[in-house]
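Novice: I would like the atomic coordinates for the input below:
(chains A and B)
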Amino acid sequence: MNTGSSLLRSVVGSGGARGTAASISRREAWLRRLPLLPAFVYVVLVTQIPFALTVYYSFFSWNLLKEGSFRFSGLDNYARLLTDEGIRTAVLNTVVLTFSVIAISVVLGMAVATLLNSEVLGKGLMRTLMIAPFLIMPTAGALIWKDTLLNPLFGLLPNLLTPFGLGRVDWVNRFPMATVVAVEVWRWTPFMMLIILAGLQSQNPEVLEAARVDGATPFQAFRRITLPLVRPFVELGALLGSLFVVQTFDSIYMLTYGGPGQDTTNIPFLLYFVAFQGFNIGQASAIGVVAVIMTTIVATLGLRTLFSIFQVEARR
Amino acid sequence: MSAKVMARGGFPTSKVVWSVVGWLVVFVFFFPVLWMWLEAFKTEPQAASSPPTILFVPTLAEFQEVLSGDFPPFFINSAIASIGSTFLVLVLGVPAAYALAIRPVKRTQDVLFFFISTRFLPFAASLVPLYLLARDLHLLDNIIALVLIYTTINLPLAVWLLRSFLLEIPHDLFEAARVDGASFRTEILRIVVPLIAPGIAATSLICLIFSWNEFFYAVNFTSSAAATAPIFLVGFISGRGLFYAKLAAAATLASLPVLLAGWIAQKQLIRGLTMGAVK
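Specialist: Numbering: from 1, shown residues only, chains lettered A, B, ... in the order given. From the prediction side, this is the model:
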């Protein structure tokens, strides 16, 4: 009955539910693990060993274009991280971008999901059209926004807004961060909508009907019954979404190329710039290490929140 | 206005009102996609006209231009990278998910979390060493590098997703097969794969979406020979009204496979995006 708990159970897994692990001998246990091994080894090889190398490189000064520039530099790269304004800007931009995109798209996603869950005409088609922004190639979406919709001379929006005195506004250059946020919200709202809609649809309509009969206003029913039910779905969407949005690169590359100045440079873009435009391998590695630490903190906190709700459910 | 709309065709007023509101919202979100399509069927002067051209005779000229030009190799590279990595993900992922779902051991939970942690490890973590390795192995601008990287990106998701499907199969089925003396290979190919066919479809869909649309590694690891569809679009980045119709045609074609796949498999989409958590 309780969808919330089954949802979270599958999020955090129900390992050990089958078979009694304790009774299995060592040899048997290894045989059981064998099918896991190829995938495990592959993931370790391609993610963990490179990460160890990233940590190693971060203690060196190394410009890829300068022959023989590889030398140990201790914590220099990290010291620069603390003093460099560009890096502080990138961290701040990453936080602003991620937070605003997730907050706005959760609210919009909730609104659209509520609409699609009510008695409207053409629900199926609405849902189909609604998920298109999420499926469109992000580079293609960003280009369409930048060139055909927002371009101050030829774009549709400035043309439409001219009668209102807002024509010829160069949206991308005057409001670069807002533009990136808007395009990302356009892309992530359908994602949130899909997850929250699944939550809403798991609701028993009879409960809402009973609340209505008992004299609850629609707003009360939403706050007291619907909201607690969809909360884990919202949390799941926000967590997964933020792990993706933290890595935003495509739309920044296409819309603003990190600019003007550094106005839309986030950590992934800074890393790209330092590593592949500046070829400063040591510095790029230090940025990588810091990015991993930041992501790990966010992900661990997020997963722990989901985990704690799950344990409360399980104890009942 | 809409509050006064009388109930039509037996529908209550509120239903009409909410339908109108809903369709307005959907129109706003879908509009950029619609506009992309419209622009793609225009001539260049129509595509960048001011005021915008709304009524026009559709032409396939720009699609022909894109398809007869240098676009097809990019498209083929995307297909190789996506299909190749999806295949590799399934080959590695199905046995792994099987082990985690059907034969759990003490540290199953830790392994699962380890897998998913690698999916959300920022690409910053491994970008530089992978780039240097690809350079030393002469895999830069080689589609194999992208196949291998996309496999890494999708494998953790695939393991979680496939496992969620495997957990739904009655355990006795596997026991019965083992009692009957089925080898591991037989068990996987004859029992596991057919039983979780929908799961494999959902997993393939998610893998295809993520690898087809991937840009960061593509832009850094390829330049010409192995460049994928999103890289082709970079060529339009500084377009100032000169080739909007061509841009829109290219963007339409590049987005088409994922858009169609996602629309056809809407039900699997949500389960895949949440790694099996939401059904």
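
Novice: Next, residue A:263: secondary structure please.
Specialist: coil (DSSP: H, G, I helix; E, B strand; the rest coil).

Novice: That one reaches residue A:176, doesn't it?
Specialist: Yes - applying C-beta atoms under 8 Å as the test, residue A:263 and residue A:176 come out as touching, 4.8 Å apart. For glycine as for every other residue, the C-beta is placed from the backbone atoms N, C-alpha and C.

Novice: Give the residue from the two that has the larger number of neighbours.
Specialist: residue A:176 (21 against 15; other C-beta atoms under 10 Å in any protein chain shown).

Novice: how about low-confidence regions in the chain?
Specialist: Just going to use chain A. Scanning chain A for pLDDT under 70 picks out A:1-24, A:167, A:302-316.

Novice: not quite, I wanted chain B
Specialist: Ranges of chain B meeting pLDDT under 70: B:1-11, B:238-241.

Novice: quick one, domains of it?
Specialist: Annotated domains of chain B cover B:2-63, B:65-273 [automatic domain parsing].

Novice: out of those domains, which comes closest to residue A:281?
Specialist: In terms of C-beta to C-beta, the element of the domains of chain B nearest to residue A:281 is domain B:65-273, at 5.7 Å.

Novice: what's the spacing between the closest one and its chain's center?
Specialist: Offset of domain B:65-273 from its chain centre (C-alpha atoms, centre = their mean, to the nearest Å): 8 Å.

Novice: list the residues that contact both of residue A:263 and residue A:176?
Specialist: Common neighbours of residue A:263 and residue A:176, using C-beta atoms under 8 Å, 6 or more residues apart in numbering or on different chains, are residue A:256.

Novice: contacting residues for residue A:170?
Specialist: Contacts of residue A:170 by C-beta under 8 Å, 6+ apart are residue A:152.

Novice: what about the helices in the stretch 1-150 of chain A?
Specialist: Secondary structure of the stretch 1-150 of chain A by DSSP state H, counting those that start in this stretch: the helices cover A:3-12, A:26-33, A:37-43, A:49-57, A:76-83, A:85-117, A:123-130, A:132-135, A:138-143.

Novice: what about those, which gets the closest to residue B:178?
Specialist: helix A:26-33 (12.0 Å).

Novice: how about the closest one: buried residues?
Specialist: Within helix A:26-33, the residues scored as buried using 16 or more other C-beta atoms under 10 Å in any protein chain shown are A:32-33.

Novice: Mind giving me the packing neighbours of that helix?
Specialist: When contacts are defined as 3 or more C-beta pairs under 8 Å, 6 or more residues apart in numbering or on different chains; DSSP states H and E, helix A:26-33 packs onto no helix or strand at all.

Novice: to the chain's geometric centre, what's the distance from that helix?
Specialist: 37 Å.

Novice: just stretch A:51-64 next, same as before
Specialist: Worked out by C-alpha atoms, centre = their mean, stretch A:51-64 lies 27 Å from the chain centre.

Novice: before we move on, what about stretch B:52-64?
Specialist: The answer for stretch B:52-64 is 28 Å, by C-alpha atoms, centre = their mean.

Novice: Which residues belonging to that stretch are considered buried?
Specialist: Those would be B:52, B:62-63, for stretch B:52-64 by 16+ other C-beta under 10 Å.

Novice: got a list of contacts for that stretch?
Specialist: A:156, A:159-160, B:40-44, B:46-47, B:245-246, B:248-249, B:252-253.

Novice: From one end of that stretch to the other, what's the distance?
Specialist: Terminal residues of stretch B:52-64 lie 23 Å apart, using C-alpha to C-alpha, to the nearest Å.

Novice: follow-up on the earlier one: now the buried residues of stretch B:52-64 as a markdown table including secondary structure?
Specialist: Below are the buried residues of stretch B:52-64 laid out as a markdown table (three-state DSSP):
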| residue | secondary structure |
| --- | --- |
| B:52 | coil |
| B:62 | helix |
| B:63 | helix |
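
Novice: No further queries at this time; thank you.
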